[in-house]
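Colleague: need a 3D model of the following:
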Amino acid sequence: TVEAVDGFRITRVWDEHRDAAECLANVFAEPPVVCDSFEDVSDDVDLVFVADCNGDGSDHLTLARPGLEKGIATFVDKPLAFTVDDARQIVALAKENGAPLAAISILRALPGAGRFARRLEEVGPLQFGSIQGGGPSLAGQIHTISLAQHIFGDGVVAVRALGDEGPNTIHLDFGGRADRPAKGVTLNCDVGLVWHCAFHASAFGPEGAIHSSPLGDFLFPFGAAQILKQIREMVHTGRSPEMTSGMIEAVAIAQASRTAHETGKLVAVEHQEEATT
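Modeller: So this is what the prediction gives:
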């Protein structure tokens, strides 16, 4: 049911567990070369894909550096990095070496989320929004943050957070912007078991409330297809996708939420223009 996105061929793979890389290579009719080091993956290729989506991103600067220094187009699976400093270093490396860069959550590209965002005017002047889902890991939180960015927009200026073991409930404050929810957006990341990894979005205003259908596994492949199209265009044009905007802000929101959870205070979100190459 999802359109195929062609134009890609995997030619090199690396994993810290070589047997895992060899297992992946054996799936293909034309097996890719299993590299001895991650530095070798970026040799003689058009694109590097840092497919490390379930970690906290603390190693992404290290993993992305060799390809970026060679000027190779690079996609970093979410999160772009663990800290804002690392994220900025990745972006700076890309800019210095003329390497187009992307880091996009499927939730940022999900067509169903875009359709929901176009319904916001139904509630009148937008007062409040909420997102549920994602789970307590940073990878899950980045998905939740990215979905909020997709539906309600970028430009978060400060956050509050609470949770037993981490910032599992995060409130986004847009600083009174007229084009954002007046009372902010709350993210409930750790909501227990959910149906097929589904996220749910809601929006509230003086004229009513709207609630999304489940945004889960049955829709995620459509977001993945959109991302692959963006990456393919990035390789051919040498320019980062527009959808990449907000990738540093997502990391900054996550970082600020950790501080807010530790301190119990409202914490400002670091901002910096996210220039694309």
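
Colleague: state the distance from Arg115 to His150.
Modeller: Counting by Cβ to Cβ, to the nearest Å, the gap from Arg115 to His150 is 11 Å. Heads up, the C-betas are built off the backbone N, CA and C, glycines and all.

Colleague: which one of these two has more residues nearby?
Modeller: Higher neighbour count among Arg115 and His150: His150, with 23 against 11, using other Cβ atoms under 10 Å.

Colleague: low-confidence stretches in this protein?
Modeller: 272-277 (pLDDT under 70).

Colleague: which residue ranges of it form strands?
Modeller: 12-13, 33-34, 47-50, 73-76, 101-102, 128-132, 158-162, 169-173, 185-188, 200-205, 208-211, 267-268 (DSSP state E).

Colleague: centre of the chain to the first one, how far?
Modeller: Chain-centre distance of strand 12-13: 23 Å, with Cα atoms, centre = their mean, to the nearest Å.

Colleague: strand partners of it, parallel vs antiparallel please.
Modeller: Sheet pairing of strand 12-13 (DSSP bridges) gives strand 33-34 (parallel).

Colleague: please enumerate residues in contact with the strand it pairs with?
Modeller: Here strand 33-34 makes contact (Cβ atoms under 8 Å, 6 or more residues apart in numbering) with Thr11, Arg12, Val13, Trp14, Arg18, Ala21, Glu22, Ala25.

Colleague: quick one, what contacts Val123?
Modeller: Ala203, Phe204, Gly205, Pro206, Glu207, Gly208, Ala209, Ile210.

Colleague: cool, and Gln255?
Modeller: Per Cβ under 8 Å, 6+ apart, neighbours of Gln255: Phe82, Thr83, Val84, Glu270.

Colleague: what's the most distant pair in those residues?
Modeller: Across those, the longest distance by Cβ to Cβ is 13.6 Å; it joins Phe82 and Glu270.

Colleague: burial check on Ser42, number of neighbours?
Modeller: Per other Cβ under 10 Å, the neighbour tally for Ser42 reads 23.

Colleague: ditto for Cys197
Modeller: Cys197, neighbours per other Cβ under 10 Å, totals 17.

Colleague: also Leu68?
Modeller: Neighbours of Leu68 using other Cβ under 10 Å come to 27.

Colleague: what's the spacing between it and Glu22?
Modeller: Counting by Cβ to Cβ, the gap between Leu68 and Glu22 amounts to 26 Å.

Colleague: equivalent analysis for Asp43, please.
Modeller: For Asp43 relative to Glu22 (Cβ to Cβ), the value is 19 Å.

Colleague: I'd assumed Gly192 was in contact with Gly135.
Modeller: No - taking Cβ atoms under 8 Å as the definition, Gly135 is not a contact partner of Gly192, at 9.5 Å.

Colleague: tell me the most buried of the strands of the chain?
Modeller: Most buried of those, by mean neighbour count (mean count of other Cβ atoms under 10 Å): strand 73-76, with a mean of 27.

Colleague: who does that one touch, helix- and strand-wise?
Modeller: Secondary-structure packing of strand 73-76 (3 or more Cβ pairs under 8 Å, 6 or more residues apart in numbering; DSSP states H and E): strand 47-50, helix 60-69, strand 101-102, helix 220-237.

Colleague: hang on, the earlier thing: Phe82 and Glu270: which is more packed in?
Modeller: Neighbours per residue, other Cβ under 10 Å: of Phe82 and Glu270, the larger number sits with Phe82, 20 against 17.

Colleague: among the helices and strands packed on strand 73-76, which is nearest Ala256?
Modeller: Short answer: helix 60-69, nearest of the helices and strands packed on strand 73-76 by Cβ to Cβ, at 18.8 Å.
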